[in-house]
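*Asks:* my questions are about this predicted structure, shown below with the sequence.
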Amino acid sequence: MKKWSAISLFTSAINFALSPWGAALGAVIVYLLVSYLKGQIFRPSDHPYYSYLADAFLHGQSWLRVLPPRSIHDLIFLNGHYFLYWAPFPAFLLIPFVALFGVELNDVIYTILIAAFNVGLVSYLLLVANETGFLRLSRIQRFLLVAAFAFGSVHFFLAPFGKVWMTGQLVGFSCTLLAYIAAFSLRGWKAWFFTGLSLACAMLTRNQMVFTGIFPAIYLLMKEKPWIWKHVFRHLAVAALPLLAGLGFLLYYNNVRFGSPFNNGLDYHNMAESFKADYQMYGPFNLHYVPKNIYYQYIFYPFPYREESTVGGSLFLLSPVFFAAFVSFYKPRSKIYLWALVASILVTNIPILLLMGTGQTQFGPRYTLDFTVPLLLLTTLGLERWKTWLIFLLTGISILHYSLGLYFLTF
């Protein structure tokens, strides 16, 4: 009897570890440990700006009522007030917590919790995509891919340290995940509305992430059976409603702060000295930046670790499990879904390649997280053809790379 109880307990533990809840719990433990070992967990980061913006919203204003005590880097100073140029959705999420705990709310802790939530959502996305038949992965293959994402991608770097840049990317990633989950798991108008709502929240966090919605839009259109134009247009309108509301609010927010719907304040922000010359000559987005961004996000290998290693790193060399995305092009089951995923990645990547910076003071290609949801699905379509031992090996290499990067990273 005891033997069977032990076996049952062990089986239950394995099942929990392979579940979304188990994935989230494992991630939060590791992220908290890394933050503790790097000495970051004991107080807010130097740049907890979303907490301060939430405090401003609580007091009915768009500029900071209280300044962060340790840094004003990248903030905007205009007409005697300090603003954030980042889109405001993460600050809205924080309003109830800032109201309860004050503006000194520890952004390191809530950023870790958001990151762990993402890992659980990735596990759940792969599960529901498998249940619909879109993916055909074994449980161990899903487990390895979730582990590769959680600890062997740039998400691992973003999770343990707080800071406005990391928090914003992780919140935007959560919104994109929810959009894809809604498309796979819901039916009828609910699928369209909640996909559109999630993408609107992503847009209100990092504008270009709205383009990751190309795939869920195509997927939902293909699910329309029977195809009745009246129903299709109605569903498109249901999805467009939150997106248009989000865009309208963003334009209004810019107008309130800077007197123009199309001015987000980038021209006034307290940027690093190393950016100023290029910014004055080329602005924030320009073809001039494309070669450098391609090099540091797709070609550069940061080992042996050196000063230049904080500028970025190759998406595929650091996380070689993502090479499976290219295998998905070999005899794809559905070309339309394949190219919808590719379009989601490429269009989202356009402003990233045109941007003046690669995301300095980091390890890995930070901005590529913006399109990692469609990249993960593309990767899973390729992984279906790989042996488990190969997935295990590449997952191990990915985790080793980011573990070493975090070990060498200093603050």
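*Replies:* Sure, I can see it. Residues are numbered from 1 along each chain as shown.
*Asks:* now for G248, how many residues are close by?
*Replies:* Neighbour count of G248, defined by other Cβ atoms under 10 Å: 11. The C-beta positions use only the backbone N, C-alpha and C, and glycine is treated the same way.
*Asks:* and if you look at T358?
*Replies:* Applying other Cβ under 10 Å, we find 23 residues neighbouring T358.
*Asks:* and for the one 4 residues further on?
*Replies:* Under the neighbour criterion other Cβ under 10 Å, Q362 is assigned a count of 22.
*Asks:* contacting residues for it?
*Replies:* If you count contacts by Cβ atoms under 8 Å, 6 or more residues apart in numbering, Q362 has them with 154, 157, 310-312.
*Asks:* remind me which residues of the stretch 301-411 of the chain are low pLDDT?
*Replies:* 360-361, 411 (pLDDT under 70).
*Asks:* before we move on, what about the chain?
*Replies:* 1-14, 17, 360-361, 411.
*Asks:* can you pull up the most central residue in it?
*Replies:* F173 (2.8 Å; Cα atoms, centre = their mean).
*Asks:* residue contacts, that residue?
*Replies:* 118, 155, 369-370, 372-373.
*Asks:* farthest-separated two in these?
*Replies:* Maximum pairwise distance among these (Cβ to Cβ): 13.0 Å, between N118 and D370.
*Asks:* would you put the C-alpha positions of stretch 374-383 in CSV?
*Replies:* Extracted as CSV, the C-alpha positions of stretch 374-383 are listed here (Å, rounded to 0.1, in the frame of the first residue of the first chain):
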residue,chain,number,x,y,z
PRO,A,374,4.7,33.6,-32.8
LEU,A,375,8.3,32.5,-32.8
LEU,A,376,7.6,29.9,-30.1
LEU,A,377,4.7,28.5,-32.2
LEU,A,378,6.8,28.4,-35.3
THR,A,379,9.5,26.6,-33.3
THR,A,380,7.1,24.0,-32.0
LEU,A,381,6.0,23.2,-35.6
GLY,A,382,9.6,22.4,-36.3
LEU,A,383,10.2,20.6,-33.1
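*Asks:* now that stretch, how far from the centre of its chain.
*Replies:* With Cα atoms, centre = their mean, to the nearest Å as the basis, stretch 374-383 stands 16 Å off its chain's centre.
*Asks:* what's in contact with it?
*Replies:* Contacts to stretch 374-383, defined as Cβ under 8 Å, 6+ apart, come from residues 122, 125-126, 129, 134-135, 137, 141, 145, 149, 180, 212, 215, 321-328, 330, 332-333, 338, 341-342, 344-345, 348, 368, 391.
*Asks:* how about 6 Å then?
*Replies:* With Cβ atoms under 6 Å, 6 or more residues apart in numbering as the test, stretch 374-383 has contacts from 135, 137, 141, 212, 215, 322, 324-325, 327-328, 341, 344-345, 391.
*Asks:* which stretches in the stretch 1-150 of the chain count as strands?
*Replies:* Using DSSP state E, counting those that start in this stretch, the strands of the stretch 1-150 of the chain run over residues 76-78, 81-83.
*Asks:* now for these, which one comes closest to H231?
*Replies:* For the strands of the stretch 1-150 of the chain, proximity to H231 was assessed by Cβ to Cβ; strand 81-83 is nearest, at 43.4 Å.
*Asks:* can you list the buried residues in that closest one?
*Replies:* 82-83 (16 or more other Cβ atoms under 10 Å).
*Asks:* partner strands of that strand and their direction?
*Replies:* Using DSSP bridges, strand 81-83 pairs in its sheet with strand 76-78 (antiparallel).
*Asks:* now do the buried residues in the strand it pairs with.
*Replies:* Buried-residue list, strand 76-78, by 16+ other Cβ under 10 Å: I76.
*Asks:* same question, stretch 325-339
*Replies:* Within stretch 325-339, the residues that count as buried by 16+ other Cβ under 10 Å are 325, 327-328, 337-339.
*Asks:* please apply the same query to stretch 218-232.
*Replies:* For stretch 218-232, a neighbour-count test (16+ other Cβ under 10 Å) marks 218-220 as buried.
*Asks:* pull the residues that contact it.
*Replies:* Applying Cβ under 6 Å, 6+ apart, the contact partners of stretch 218-232 are 183, 191, 340.
*Asks:* out of the residues you listed, which is most surrounded?
*Replies:* A183 (27 neighbours).
*Asks:* wasn't that one part of a helix?
*Replies:* Yes. Assessed by DSSP: H, G, I helix; E, B strand; the rest coil, A183 belongs to a helix.
*Asks:* you'd agree it is up against I214?
*Replies:* No. A183 is beyond contact range of I214, at 11.3 Å (criterion: Cβ atoms under 6 Å).
*Asks:* show me the contacts for the nearest residue to A147 once chain neighbours are set aside.
*Replies:* Distances taken as Cβ to Cβ, 6 or more residues apart in numbering place T395 nearest to A147, at 5.7 Å, with adjacent residues excluded. By Cβ under 6 Å, 6+ apart, the contact set of T395 is 144, 147-148, 152, 321.
*Asks:* what comes up buried for the helix or strand containing T395?
*Replies:* Assessed by DSSP states H and E, T395 sits inside helix 388-408. For helix 388-408, the neighbour count (16+ other Cβ under 10 Å) marks 391-392, 394-399, 401-402, 404-406 as buried.
*Asks:* sounds good, over and out.
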